[in-house]
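Asker: here is a sequence with its predicted model. Questions after.
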Amino acid sequence: MEGLQGWDARGRWDTIHLAGIRDVADRTIFDKIIAREIPATIVKEDDKILAFKDINPVAPAHILVIPKDRDGLTRLRRATAEHIEILGRLMLAASEIAKDESLGFGDGARIVVNDGKVAGQEVFHLHVHVMGGRAFTWPPG
Ligand code: 5GP
């Protein structure tokens, strides 16, 4: 019993629980960009995230930031507490990109996650839109 309580205290069950989770959703075009099977203009990359120019920009500066490992995050509402680190990395990368004048960003940006078809989501691999270089109106369309 003591041993089991020790595992519990060290969060070992969490690890076992995670091991059972599978991402079985269809792959998307973003996996091909990650694998360099199709070209993209990559502006930022580390071991966990990739950021590249949107192929159909809606602002002078329009970057998408994605997790390299989708890990079930087809859309934002699939997020759980296990995703806190990657969600933080995505937002930190978005904030750094939004300050990058060499990419066309100025003093402010519109940072958006479309969650589901009703919100306009077309690619089901979580991504953060970072848009700038012009003024934006509110509410969005
Ligand atoms: P969503 O509508 O899902 O929030 O945004 C998907 C975004 O991905 C769109 O803005 C679209 O222009 C962009 N996109 C779709 N296919 C490609 C592609 O092959 N390359 C790049 N760079 N962007 C893409």
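Answerer: Yep, it's here.
Asker: please state the offset of the strand ranked longest in the chain from the chain centre?
Answerer: With secondary structure taken from DSSP state E, the chain has its longest strand at strand 61-67. Centroid displacement of strand 61-67 relative to its chain, using C-alpha atoms, centre = their mean, to the nearest Å, is 8 Å.
Asker: the next helix or strand after that strand near the ligand anywhere?
Answerer: The first helix or strand that comes after strand 61-67 along the chain, using DSSP states H and E, is helix 84-97. No - judged by C-beta under 6 Å from any ligand atom, helix 84-97 makes no contact with the ligand; its nearest approach is 13.5 Å. C-beta: built from backbone N, CA, C; applies to glycine.
Asker: list the contacts of helix 84-97.
Answerer: With contact meaning C-beta atoms under 8 Å, 6 or more residues apart in numbering, helix 84-97 is reached by 43-44, 46, 48-49, 51, 63, 65-67, 69, 71, 73, 79, 103, 105, 111, 126, 128, 130.
Asker: buried ones only from those, please, as a ChimeraX command.
Answerer: Listed next is the ChimeraX selection for buried residues among those, using 16 or more other C-beta atoms under 10 Å:
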select :43,44,49,51,63,65,66,67,71,73,79,103,105,111,126,128,130
